[in-house]
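In: next input, structure requested:
(chains A and B)
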Amino acid sequence: DAKTTQPPSMDCAEGRAANLPCNHSTISGNEYVYWYRQIHSQGPQYIIHGLKNNETNEMASLIITEDRKSSTLILPHATLRDTAVYYCIVKIYGQNFVFGPGTRLSVLP
Amino acid sequence: NAGVTQTPKFQVLKTGQSMTLQCAQDMNHNSMYWYRQDPGMGLRLIYYSASEGTTDKGEVPNGYNVSRLNKREFSLRLESAAPSQTSVYFCASSPGTAISYEQYFGPGTRLTVT
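Out: Numbering: from 1, shown residues only, chains lettered A, B, ... in the order given. Prediction:
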């Protein structure tokens, strides 16, 4: 499985875009990039996933570099409720997830 | 539509005691999962069930047993609790019969073993 590296913490001003990076330089061709978040000890919440194309949904956008060695999760207008731990996970579809320590995002008023 | 529910929310056990954590989902999902989360760490998969009647080990199955009672319910049993099993336990479900990218999580059970 490809290893992922995320910064342990980030701050973002309320209303601004939050850009969360993830490095996965050993990703293989059939591994997807998934993003989840966990708000204050609640159960994790699925955000978005992608293989090689950029993806967008109502929550966020996922930008994957052309060589697929890194990606960025973008929350376009961060609110205080987006304060959470964000997990980047790289997995072959159908294999079990391993959630690492993630990035603790603090959205500041 | 309650989603994924877990009982109890909190539990304190003494070493050697047994207990069962209950999980139920009302989304007609096929797959269900049990994870544990230790302080300051990410989640680790204990067991999962891809469909009613089937269960498979995850990353950290030792010390646990599971039962997929029916499509709705998936229970986790600790036969002889140990302090190393102090953790927050999350149940999750997903629509497909393979480990899905989109899992729906319950609120968690906070277990302390003394």
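
In: hey, let's count contacts and neighbours off CA atoms from now on
Out: Noted.

In: list, one by one, the residues from chain A near chain B.
Out: Residues of chain A found near chain B (CA under 8 Å from any CA of the partner chain) are A:34, A:42-46, A:49, A:93-102.

In: tell me which of these fall in helices.
Out: Restricting the residues of chain A next to chain B to those inside helices, with DSSP state H as the criterion, leaves an empty set.

In: quick check on the residues you listed: which are buried?
Out: By the neighbour-count criterion of 16 or more other CA atoms under 10 Å in any protein chain shown, the residues of chain A next to chain B include these buried positions: A:34, A:43-46, A:49, A:96-102.

In: residue ranges for the strands of chain A, please.
Out: If DSSP state E is used as the criterion, the strands of chain A fall at A:9-13, A:18-23, A:31-38, A:45-50, A:55-56, A:61-64, A:70-75, A:84-92, A:103-108.

In: number of nearby residues for residue A:58?
Out: A total of 8 residues lie near residue A:58 under the criterion other CA atoms under 10 Å in any protein chain shown.

In: what separation is there between residue A:24 and residue A:56?
Out: Between residue A:24 and residue A:56 the distance is 20 Å, computed by CA to CA, to the nearest Å.

In: any weak-confidence spans in chain B?
Out: Regions of chain B meeting the criterion pLDDT under 70 cover residues B:1, B:97-101.

In: show the backbone phi and psi for the most centrally placed residue in it.
Out: For chain B, residue B:34 is the residue whose C-alpha lies nearest the centre (CA atoms, centre = their mean; 2.8 Å). For residue B:34, the backbone dihedrals are phi -120, psi 130 (criterion: degrees, to the nearest 10).

In: and residue B:30, how far is that from residue B:68?
Out: For residue B:30, the distance to residue B:68 (CA to CA) stands at 11 Å.

In: average model confidence for stretch A:80-87?
Out: Taken as a whole, stretch A:80-87 carries a mean pLDDT of 96.

In: contacting residues around that stretch?
Out: A:14, A:35-40, A:99-109 (CA atoms under 8 Å, 6 or more residues apart in numbering or on different chains).
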